[in-house]
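>>> Please find the sequence and the predicted model below.
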Amino acid sequence: MNTHKGGGQPSSSMIKRTYKDAINALNSLQSNAATIEAARRAAGANNSRLIPEMLEWTRRIGYKPQDLDRLNVIHVTGTKGKGSTCAFATSILLQYRSPAQVPGAKITKIGLYTSPHLKSVRERLMINGKPISEALFTKYFFDVWDRLSTSVSDPEQFPEMGPGVKPAYFRFLTLLSFHAFSSEKVDTAVYEVGVGGEYDSTNIFVHPTTCGISSLGIDHTAVLGDTLEKIAWNKAGIFKQGAACFTVEQPEPALRVIRERAAEKKAASLEVVHTRSDVAEIRLGINGDFQRQNASLAVSLCRAHLERLGFELGDFEVLPEEFVTGLEQASWPGRCQIIRDSKRDDITWYVDGAHTAESIASGTAWFAQCASDSHRKVLLFNQQTRNVESLLRKLHEQMDAAGKRFDNAIFCTNVTYADGRYSDDLVSMNVAQDKVDSMEVQKQMASIWDGLSKDSRKHLFHDIETSLNFIRTLEGPLDVFVCGSLHLVGGFLLVLEGRT
């Protein structure tokens with residue numbers, strides 16, 4: 001049951017109405033580490049209730065699933081690359097925006113819903129390429145908060161959704177996106193699935209225009225299953241009757257399941273998207289050779305979406321200029337991002353939120369290709385909830401295959417600042433505080449890395465700010481790879497920008 005009872009939440013009468021108050025109230029909906037661990041042990045037990053519950057939450061804020069059809073949704077899932085695919089798609093669609101008064105096929109406002117965020121939770125709700133303002137976030141947040149105080153429609157069916165109960169963090173934000181995008185009259189929305197697909201809180205759309213699956217891999221096994229076939233079944237659960245559906249090339253067992261699910265869901269079509277040769281000639285706005293596959297998927301999704309809306313795009317043998325521009329201008333911070341240090345011109349930061357075996361392999365290959373042979377190389381890494389040994393082994397394998405090594409390896413927690421504070425937007429209760437304080441995972445990572453690369457000097461720090469300051473004391477020139485967690489990357493970017 002993915003809800004939170006009112007005991008740990010401020011009531012509507014107690015709560016203030018500023019942006020900071022909205023963030024504090026939102027953070028009260030996070031599950032603590034003990035709750036998450038209990039949920040993992042019981043994973044799968046209540047999956048069948050998740051979508052009915054989400055439908056009930058949606059009803060309580062004043063919407064029916066059919067109301068969301070006016071958003072004209074592109075729905076994207078996958079293990080690796082789904083966020084980048086959404087970013088490419090949004091950038092392409094921005095090239096087709098026109099004023100509301102222009103007759104004919106048109107797009108006036110494009111919404112983008114993604115997760116997790118890097119620096120601000122508002123990044124999860126973008127309109128026309130920009131996070132919604134603090135004022136709008138606050139307004140719509142409290143609209144949803146207050147509306148959820150209404151009575152449950154069927155107390156017998158939903159006994160745990162009574163007064164004083166709110167949905168968990170991600171589900172609340174999904175509801176917020178429905179309300180914000182509808183209120184702002186968004187007429188095209190790109191939605192990234194949170195986890196899986198079949199039971200994800202985003203999966204209540206009745207008539208998405210298109211659905212896509214990026215590269216699949218083994219992740220979230222407690223929730224999705226421990227084989228590619230089980231994961232493919234879950235991911236393809238977003239397919240809908242009448243929607244044009246797409247997947248990138250997948251291992252045959254996964255592809256077989258995806259085809260079966262497309263038939264079961266009565267999808268209008270299913271196309272396996274191969275990397276386009278003309279995409280390979282474009283300087284993509286998001287770094288990494290592997291992004292060409294995501295860009296090709298975005299091209300197919302946007303073509304089907306635009307044609308569904310009435311745009312005439314021709315035979316498509318050559319990419320339209322708008323598609324090329326969109327791919328070139330796409331931005332996805334924290335993913336294969338290169339940043340020159342503002343305080344030391346001999347430090348280059350290579351930042352990637354890779355946190356699965358597949359994304360670690362791709363991200364490390366990108367870093368190894370970019371890093372200079374003549375520069376000292378530094379790793380800044382953290383991961384609190386996944387199998388750190390498998391991730392570090394994959395990272396080391398990729399560096400070793402490229403004939404490169406790290407001179408220094410730094411393992412830190414996700415605590416943002418040296419005084420022990422987290423940024424308000426990065427507060428997380430997903431990890432037990434005693435494990436953070438004792439640096440249990442960081443010590444484990446250092447031990448694992450010592451067995452893999454004894455030549456690297458290993459360092460442990462309790463926070464991101466201290467880690468960054470330490471790196472700036474090392475002899476340069478330096479190429480620094482920051483990876484392992486989007487939470488780490490978000491905190492790192494705040495510290496690098498000097499934001500407190």
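Looks like it came in fine. The model shown is predicted, which means the values in this text are computed figures rather than measured ones.
>>> I figured V121 was touching N24, is that so?
No - V121 sits out of contact with N24 when judged by CB atoms under 8 Å, with a separation of 11.5 Å. (Each C-beta comes from the backbone N, C-alpha and C, glycine too.)
>>> Tell me how far the residue nearest to V206 when sequence neighbours are not counted lies from D352.
Nearest non-adjacent residue to V206, counting by CB to CB, 6 or more residues apart in numbering: P65, 4.9 Å away. Noted for P65: a distance of 36 Å to D352, by CB to CB, to the nearest Å.
>>> who has more neighbours, V121 and N24?
Taking neighbours as other CB atoms under 10 Å, V121 and N24 compare with V121 leading, 24 against 15.
>>> which non-adjacent residue is nearest that one?
D425 (5.0 Å).
>>> Would you mind confirming that that neighbour makes contact with L26?
No - using CB under 8 Å, D425 is not in contact with L26; the gap is 9.2 Å.
>>> residues shared between the contacts of these two?
V121 (CB atoms under 8 Å, 6 or more residues apart in numbering).
>>> Next up, the contacts around the residue nearest to V121.
I23, H117, K119, S120, V121, G490.
>>> Any regions of the stretch 351-500 of the chain where pLDDT drops low?
Low-confidence segments of the stretch 351-500 of the chain (pLDDT under 70): 429-432, 500.
>>> Show the pLDDT at the residue lying closest to E134 once chain neighbours are set aside.
In this structure, E134 finds its nearest non-sequential neighbour in Y19, 4.1 Å apart by CB to CB, 6+ apart. With respect to pLDDT, Y19 scores 96.
>>> and Y19, what are its phi and psi?
Note on Y19: backbone dihedrals following degrees, to the nearest 10 are phi -60, psi -40.
>>> Please identify the buried residues of stretch 419-428?
Y422, S423, D425, L426, S428 (16 or more other CB atoms under 10 Å).
>>> Export it to PDB, keeping only CA atoms.
In PDB, the C-alpha atoms belonging to stretch 419-428 read as follows (Å, rounded to 0.1, in the frame of the first residue of the first chain):
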ATOM      1  CA  ASP A 419      27.900  21.200   8.000                       C
ATOM      2  CA  GLY A 420      25.800  18.100   7.600                       C
ATOM      3  CA  ARG A 421      22.900  19.700   5.800                       C
ATOM      4  CA  TYR A 422      21.000  18.500   2.700                       C
ATOM      5  CA  SER A 423      19.600  20.900   0.200                       C
ATOM      6  CA  ASP A 424      15.800  21.100   1.000                       C
ATOM      7  CA  ASP A 425      15.000  19.600  -2.400                       C
ATOM      8  CA  LEU A 426      17.400  16.800  -1.900                       C
ATOM      9  CA  VAL A 427      16.300  15.600   1.500                       C
ATOM     10  CA  SER A 428      16.000  11.800   1.400                       C
END
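>>> Could you state which residue of this structure sits nearest its centroid?
S115 (3.4 Å; CA atoms, centre = their mean).
>>> Run the chain-centre distance for the helix ranked longest in the chain.
Counting by DSSP state H, the longest helix found in the chain is helix 291-308. Put simply, helix 291-308 sits 18 Å off its chain's centre (CA atoms, centre = their mean, to the nearest Å).
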